[in-house]
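**Student:** here is my input; please provide its structure:
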Amino acid sequence: MPKKRKQPRKASRSNRAAASAESRPAEITLGGPVWPSKGWAFRRLIEVAQEGGRPYPALIPQAPGGYSPDFVPPLNAPRAPMQAGWYVRTDQAVPIYIWVYPVEFVAQDPDEMDLRRRGYALYRAHSACTHGRGDMAHATPDEIASWTPIVAPDPDVVRADRYGEAPSVYRTKVAGPLPHSMPNTIAVLDVDYARVSGKLLPEKWDIDVVGVLVVEPVAEDMAPGHGQWQQTAFHTLRDDTLSELPAILSTADLVLGHNLFDGDYRCLRTYTDRLDLEPLIAKSVDTLYAARQVLSGGFRKPAGLDLTSLARAHGLRDRAKQQSRTQAHRGIKSIADAEERWSFQSIADDCELTLELWLAIVESRCLQVTPPQADAPVVHPLDRQALSWFLKPPLSYDEYARRLAGHGTVYRLEGLAREESVARIHRAVDDQLRTGSALSSHGGRAYTQRCMAPIPEGGQCTSLVHDGRPYCREHRHKRLCRGNPALHETCEVLVQGEDAHCRWHRMTALYVAQGARIHEDFILELPLPGWDEVSEWGFDTGTMSFFARLYRNGTDYWEPPTIWLTGVSPDLYTTVDLCNAIARATSRPSREVAAALAADRATDD
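**Tutor:** Got it, this is the predicted structure:
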């Protein structure tokens, strides 16, 4: 029979009465936290709160009586993704002040550090309705980027120093003496990409994220010839927003990066349908390219010139990212693998470290490199010509294109596309197919799925198969019987051909109806309009059927359900049967009922 119903998710009558009083406005949150697919400790917190009748309060989008905000928060310079400090949200009925905790706050908590590496920053939100308390949750970098950084919140809502001194906006250390004609605005560019194919060919890599740190010199309290740069903007772009990159970089006097010419720009040049590299090349300085010119005239690639090694050789801080995205995520072949192994690596740290390295080289007028098997770095003094490699853009666009073609870094093809990359040509073909100017005579793959064969270690084969084939090449001729997954019953008998089960399990296996894919009991909320406060639905393996407990809004939730579809009468063996039964019992449209039954899948996505 169905499991015992948990305590209701609605506040008690006394709490509801107190919340409606004018002297005590209802609590307000950000609409509920976004919980990641991993991090079991935090999921357990939610379950304990629900079992104890203490649900997270829902957003009440109305200001408390008599509320008239007069405080205007002073805006701060933009911050990098997941950077700690105060933020404000003004898209709700009342301003919400958000404190994002620094990484040092969660350094001793393994679960929190795991979430931080996966890209979830811990924060606490305050509003005029929380009365000094706060709602703690997690946010992704994209969510934080939509908030406005501020110096301090409204002192009538929460003290600015409640969590200690707010982290300052990113600034470099004071450097000097500096060469003449230093740029006024510097844009530090870094591209994170995945080597999805063509391991040594950046033209075939996919862009993950592009980071642009914009800095300007601090004019106040600086001695003549000395300087300090502070952040004025930070931008993160995905491949679908690359068209914004030229406008962002157009305001910069100098575009700075590490491995721009041989890595980042070669990857970006396959996206010429969204951006034009020609104006960027003319004002770009690549610290890796400059270091190679100083050491070998650019004819060979000396070791020890990666960003991590150069920063260590110049006595700078350690680099936060120790592995490339491709190395860190190697072996991820499925969604389950990604949930276990994916980790967030902030691109802001590489931008900041590149700027600090460039300033250290320009200030000291020397390049320090640690050769392999050496204990100490070797100092290479920079004369005027060598220093110019770090201060002035070395290549025009035509020179850059000839350099790529001369080094064999692009495919030489006949016709107009002889200097284009294979990835760009494929992109153009895809555009022609999409617009209908070219038609493909080859049939596409019907669909792709994982091989259905179980493996001795447990679980399912991770290989992908196409065009409706059930098994990969390895398991096409010999594999284990699938047993009875509905009862978690395994089988060690080998089967061949297209059979998925041995003779015994073909005759005796008990399976749930197609489309249900249920292996255990479960209970989910039913957000059906008019019945959405505490109604539930689920599956009972005792009867091998679905069930639903329906409470009309406003009824006494401690009494038996208004409508109880037990799954026995009528029979509810499939979700279609359940949907039709709920629609008939509640007089709601079938489309609304189907959407309510699928609401948990929309949340998980």
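**Student:** show me this structure divided up by domain.
**Tutor:** As assigned by automatic domain parsing, the chain contains the domains 13-149, 186-322+343-406, 443-511, 522-604.
**Student:** residue 123 pairs with what?
**Tutor:** Assessed by DSSP bridges, residue 123 has beta-bridge partners residue 100, residue 137.
**Student:** ok, it - contacts?
**Tutor:** By Cβ atoms under 8 Å, 6 or more residues apart in numbering, the contact list for residue 123 reads 98, 99, 100, 101, 136, 137, 138, 139, 144. For the C-beta atoms, the positions are set from N, CA and C on the backbone; glycine is no exception.
**Student:** hang on, the fifth one packs against residue 121?
**Tutor:** No: Residue 136 sits out of contact with residue 121 when judged by Cβ atoms under 8 Å, with a separation of 11.5 Å.
**Student:** quick one: which of those two has more around it?
**Tutor:** Between residue 136 and residue 121, counting by other Cβ atoms under 10 Å, residue 121 is the more crowded of the two (25 against 13).
**Student:** surely the more buried one touches residue 102?
**Tutor:** No: under the criterion of Cβ under 8 Å, residue 121 makes no contact with residue 102, lying 9.4 Å away.
**Student:** mind checking the longest helix of this structure?
**Tutor:** Counting by DSSP state H, the longest helix found in the chain is helix 348-364.
**Student:** hey, C-alpha coordinates of it in PDB?
**Tutor:** The C-alpha trace of helix 348-364 is given here as PDB (Å, rounded to 0.1, in the frame of the first residue of the first chain):
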ATOM      1  CA  ALA A 348      38.600  35.300 -13.700                       C
ATOM      2  CA  ASP A 349      41.800  33.900 -11.900                       C
ATOM      3  CA  ASP A 350      43.600  33.300 -15.200                       C
ATOM      4  CA  CYS A 351      42.700  36.900 -16.400                       C
ATOM      5  CA  GLU A 352      44.000  38.400 -13.200                       C
ATOM      6  CA  LEU A 353      47.200  36.300 -13.100                       C
ATOM      7  CA  THR A 354      48.000  37.200 -16.800                       C
ATOM      8  CA  LEU A 355      47.700  40.900 -15.900                       C
ATOM      9  CA  GLU A 356      49.900  40.500 -12.800                       C
ATOM     10  CA  LEU A 357      52.500  38.600 -14.800                       C
ATOM     11  CA  TRP A 358      52.600  41.200 -17.600                       C
ATOM     12  CA  LEU A 359      53.100  44.000 -15.000                       C
ATOM     13  CA  ALA A 360      55.900  42.100 -13.200                       C
ATOM     14  CA  ILE A 361      57.700  41.600 -16.500                       C
ATOM     15  CA  VAL A 362      57.300  45.300 -17.600                       C
ATOM     16  CA  GLU A 363      58.200  46.700 -14.200                       C
ATOM     17  CA  SER A 364      61.300  44.600 -13.700                       C
END
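**Student:** packing partners of it?
**Tutor:** strand 186-194, strand 206-217, strand 229-237, strand 254-257, helix 287-296, helix 307-313, helix 384-391 (3 or more Cβ pairs under 8 Å, 6 or more residues apart in numbering; DSSP states H and E).
**Student:** buried residues in the helix or strand following the last one?
**Tutor:** Per DSSP states H and E, helix 384-391 leads on to helix 397-406 as the next helix or strand towards the C-terminus. Residues of helix 397-406 classed as buried by neighbour count (16 or more other Cβ atoms under 10 Å): 400, 401, 404.
**Student:** got it, and stretch 281-301?
**Tutor:** Buried residues in stretch 281-301, counted by 16+ other Cβ under 10 Å: 281, 283-295.
**Student:** cool, stretch 304-321 as well?
**Tutor:** Neighbour-count burial for stretch 304-321 flags 304, 305, 307, 309, 310, 311, 312, 313, 314, 319, 321 (criterion: 16+ other Cβ under 10 Å).
**Student:** of the residues you listed, which one scores lowest on pLDDT?
**Tutor:** Within the buried residues of stretch 304-321, pLDDT reaches its minimum at residue 321, with 80.
**Student:** that one in helix, strand or coil?
**Tutor:** coil (DSSP: H, G, I helix; E, B strand; the rest coil).
**Student:** one more: residue 225?
**Tutor:** Here residue 225 is recorded as coil under three-state DSSP.
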